[in-house]
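Participant: Here is a sequence with its predicted model. Questions after.
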Amino acid sequence: MSVLAAISRRAMPALLAAALLAGAAARAQDGAAVAEATRLVGQMTLDEKLAFLDGDAPPAGTGTGVNACVGHLPGLPRLGIPPLCFGDGPAGVSNGATKVTQFPAPEAAAASWDVALMREFGRAMAEEQSGKGRNVVLGPTLNILRTPRWGRAGESFGEDPYLTAQLGVAEILGLQERGVIAEAKHFAANNQETDRLGDGPDFHAVDARVGERALQEIYLPAFKARCRTARSARPCAPTTRSTACTPARMRRCWRSCAAGASPASSPRTGTSPIAAPWPRRKPGWTCPCPAARARSAFPTSTARR
C-alpha cells in the first residue's frame with residue numbers, strides 16, 4: 001500500500017465524521033427556521049396570510065410599482081416580518097432602473113469556470129440591488145440553455161447542468177453574504193420564450209413534456225444544488241406548463257429543502273395556488289385564468305425532449 005493510500009484511509013473516518021456533523025448542523029438550523037416560521041404563521045390573521053400569498057404591488061411595465069419593485073410583500077411590523085421588494089435580474093439591476101452597472105452576461109461569466117468570481121459577482125449584484133431598495137433578487141437563472149434562440153440565453157449559465165449548479169450556488173452565496181435573498185428561476189424546464197406565458201385571450205401555452213431521466217440529469221440538478229447547498233429562497237414561479245412542476249413531484253424532490261425554499265405555484269403548472277404544496281404566486285401578479293381549467297383548456301404547442 002502506498003503512503004498516500006495509507007494516509008487517505010486514516011483520514012477517511014475524520015472526513016466522514018466532519019461531513020456528518022456539518023449535515024447535522026444544517027438540519028438543526030433548518031429545524032429552528034421551521035419552528036420560527038410556524039410560530040409566526042400561528043400568530044397571523046387570515047387576511048395577513050392571504051396578503052402574503054398575493055402581495056400588494058401590481059407591477060407596471062417597467063416594474064416600478066412600489067419602490068421600483070417588480071413584486072412586493074407588505075411585511076408585518078407587529079411580528080417583525082420585513083417587507084420584501086423583488087427585482088430583476090440575473091444580469092444586473094433592471095426593470096427601468098437608471099444609473100446602474102452593466103454586469104457581464106452570466107453566460108459569458110460562466111465561460112470563466114470561476115466559482116470565486118461568480119461569488120464576487122453575487123456580492124456586487126447584492127450591493128447594487130440593495131442600493132435601489134430591493135432585498136430579493138429574481139435570479140440567478142438556473143434553467144438550462146436548450147436552444148440558442150431562447151430569449152433568456154444570455155442570462156443563463158449555458159447548457160451544462162454541473163457548471164450551472166456550481167456557478168449558480170456560488171452567486172447565491174455571494175448574494176446572501178450581503179443580506180439579499182436570491183430567488184432562483186424558473187422552476188423547472190423553462191427553456192423557451194415562445195408561448196411561455198400563455199397570455200390571453202386564448203392562453204396558448206407551451207407544454208414541456210420532459211422524460212424522467214432528462215429531468216433528473218439535466219433540468220433539476222441546479223435547482224437541487226440551490227436548495228441543498230445554498231439554501232436560497234424559493235425558486236421563482238414556473239412560467240411554462242411542465243411535467244416537472246406537479247405537486248407530487250415537488251413534494252418528492254424537495255422534501256429535504258430548508259424552510260422557505262419552496263417553488264411557487266403557477267397556473268401554467270396545472271395546479272392551483274392553493275392546491276400546490278407551497279402556495280405562493282409571484283407577489284403582485286395575478287393568475288390569467290381560473291386554475292381549475294389550466295390543465296384541460298390550454299391549447300398548447302408541445303415541446304418534447
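Facilitator: Arrived safely.
Participant: which residues does residue 143 contact?
Facilitator: 152, 156, 185, 186, 188, 189, 190, 191, 219 (Cβ atoms under 8 Å, 6 or more residues apart in numbering). C-beta coordinates here come from the backbone N, C-alpha and C atoms, glycine included.
Participant: Show me what counts as buried in stretch 202-209.
Facilitator: 203, 205, 206, 207, 208 (16 or more other Cβ atoms under 10 Å).
Participant: any idea which helix or strand carries the third one?
Facilitator: Pointing back at residue 206 there. Using DSSP states H and E, the element containing residue 206 is strand 205-209.
Participant: So for that strand, mean pLDDT?
Facilitator: The average pLDDT for strand 205-209 rounds to 82.
Participant: quick one, helices of the protein?
Facilitator: Ranges of helices within the chain are 3-42, 46-54, 106-110, 115-131, 161-177, 212-214, 221-225, 247-253, 294-297, based on DSSP state H.
Participant: Where in this structure is the helix or strand with the lowest mean pLDDT?
Facilitator: Every helix and strand in the chain was compared by mean pLDDT, DSSP states H and E; the lowest is helix 294-297, with a mean of 28.
Participant: circling back to that earlier point, which one of the helices of the chain has the lowest average pLDDT?
Facilitator: Among those, helix 294-297 scores lowest, with a mean of 28.
Participant: Residue 170 and residue 115 touch, don't they?
Facilitator: Yes: using Cβ atoms under 8 Å, residue 170 makes contact with residue 115 at a distance of 4.5 Å.
Participant: Which one's more surrounded, those two?
Facilitator: residue 170 (22 against 15; other Cβ atoms under 10 Å).
Participant: if I look at the more buried one, how far off is residue 186?
Facilitator: To residue 186, residue 170 is 20 Å away according to Cβ to Cβ, to the nearest Å.
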